[in-house]
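Trainee: Curious how this folds, go ahead:
(one chain, ligands or ions: 1)
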Amino acid sequence: MSGPAVAAGCQLPAGDLTIGDLPEGASAVDCDAIGRDVRAGGLELEIPEPGMRVMLEHVYPSGAVILEIAVDEEGIVSYETESMLDGAVEEDEASVSASASGPSECRQDNWNIRNERHNNRWTWYIGDGSYPAALGYSAFRQIAQQTIGRIKSAHNDCGFSDKISQLQTTFGGKTSYESDFKIENGVSKCASRDGRSTLDAGNLDKSGNPPLAAECTWTTNSGSRRDIVESDVRFNIRDFDFTTTPWNCSGKWDVRSVLMHEFGHSVGLGHVSESRYPRMTMSPGIAKCSGSARTLGKGDIHGLQLLYCLNQNCHRIS
Ligand SMILES: [Zn+2]
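Mentor: Coordinates of the predicted model:
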């Protein structure tokens, strides 16, 4: 007998797949599963093309869930799931004052990088719909630009001075494109990638437990190099109220803190433990009326330096 062998275990059921249906190490190509939906941990994602991986995060006040699906160039599938919803995130009004936001995040030196980076320029856009905190376009743009500026300058309250010298960014302007989310079965998931990294606000329905914000990031998955090629972020303004003044706030979430966390993922950072490092930008929970994630902690900067500070011009913190 000749011709391609059909791998055993490729009798995939109709409808959404589970990881058990197409386990890690199986060939998504041989099993004809590219573009099929996989459900895991309450999230759902399409299996990407060979040589790509896609990450979906839903972030909640109490933590975050992540599903990532990678397909290598040969078609072999792998998954990463993360559920950090048990971090007891208390309302933390004190943390927004400058005097209270410093010490612990400056001592805590824990990071987690996703081993992916922008090897090319990150050109990002803002959608042309509504914005959180009822901001107008120019005010929202200013906050987003400032947030990216804070990542590139490693802005912190700890007295660390450095630059994330190899992260190149360009603001592409306002776009009629939307961030690439779609809602199916009451769950928002990553839609097809439109090639434009877009930040916007809208609906992220999830029956009973909607996320505060969501992110889809696409990365190449070829050889050892991992290029982030697109990252879309959406604020859920249907179910949550946002503010730009968390020190004068009730039942709202800080726009800058949510954005700093999501853009942290957009440049390749992963999560650190909420219970152990609650003040770090990349701890997954975002407490209401807290601005503590607006600035980077020591661990956040360490992670960024490992990704973007690879030459002599970097003065790494220790
Ligand atoms: Zn996150």
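Trainee: got the residues of the protein near the ion?
Mentor: Residues of the chain lying near the ion by C-beta under 5 Å from the ion: 57, 64, 284. Yep, even glycine has a C-beta here, placed from its N, CA and C like the rest.
Trainee: Swap in 6 Å and give it another go.
Mentor: Neighbours of the ion within the chain, by C-beta under 6 Å from the ion: 57, 59, 64, 261, 265, 271, 284.
Trainee: can you tell me the helix or strand for whichever residue of the stretch 1-150 of the chain sits closest to the ion?
Mentor: Ranked by C-beta to the ion, the top residue of the stretch 1-150 of the chain for proximity to the ion is residue 64, at 4.3 Å. Using DSSP states H and E, residue 64 maps to strand 63-71.
Trainee: With residue 262 instead?
Mentor: Following DSSP H and E, the helix or strand that holds residue 262 is helix 255-266.
Trainee: and that helix, what other elements does it pack with?
Mentor: Helix 255-266 is packed against strand 52-60, helix 137-152, strand 213-220, strand 228-236, strand 242-243, with contacts defined by 3 or more C-beta pairs under 8 Å, 6 or more residues apart in numbering; DSSP states H and E.
Trainee: Within its sheet, name the partner strands of the fourth one and how each one runs.
Mentor: This means strand 228-236. Applying DSSP bridges to the sheet, strand 228-236 is found paired with strand 197-202 (parallel), strand 213-220 (antiparallel).
Trainee: Would you mind giving the orientation angle of the shortest one with respect to helix 255-266?
Mentor: Pointing back at strand 197-202 there. 140 degrees (axes from the mean of the first three to the mean of the last three C-alpha atoms, to 10 degrees).
Trainee: which residues pair with the residue of the stretch 1-150 of the chain closest to the ion across the strands?
Mentor: Where residue 64 sits in a bridge, its partners, by DSSP bridges, are residue 59, residue 84.
Trainee: Run a quick neighbour tally on it.
Mentor: By other C-beta atoms under 10 Å, 27 other residues sit near residue 64.
Trainee: so who does it touch?
Mentor: Residue 64 is in contact with 57, 58, 82, 84, 85, 271, 284, 285, counting by C-beta atoms under 8 Å, 6 or more residues apart in numbering.
Trainee: again, only this time at 10 Å
Mentor: 57-58, 82-85, 87, 211-215, 261, 265, 271, 274, 282-286 (C-beta atoms under 10 Å, 6 or more residues apart in numbering).
Trainee: Any chance of the backbone angles for whichever residue of the stretch 151-300 of the chain sits closest to the ion?
Mentor: Closest approach of the stretch 151-300 of the chain to the ion (C-beta to the ion) occurs at residue 284, with a separation of 4.9 Å. Main-chain dihedrals, residue 284, degrees, to the nearest 10: phi -80, psi -30.
Trainee: The nearest residue to it once chain neighbours are set aside and residue 46, how far apart?
Mentor: Distance criterion C-beta to C-beta, 6 or more residues apart in numbering; nearest residue to residue 284, sequence neighbours excluded, is residue 64 at 3.6 Å. Noted for residue 64: a distance of 20 Å to residue 46, by C-beta to C-beta, to the nearest Å.
Trainee: what about the strands in the stretch 1-150 of the chain?
Mentor: 17-18, 37-40, 43-46, 52-60, 63-71, 77-84, 122-127 (DSSP state E, counting those that start in this stretch).
Trainee: Now render the ones you listed as a markdown table, adding mean pLDDT.
Mentor: Shown next, in a markdown table, are these (pLDDT from 0 to 100):
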| stretch | mean pLDDT |
| --- | --- |
| strand 17-18 | 96 |
| strand 37-40 | 94 |
| strand 43-46 | 93 |
| strand 52-60 | 95 |
| strand 63-71 | 94 |
| strand 77-84 | 92 |
| strand 122-127 | 97 |
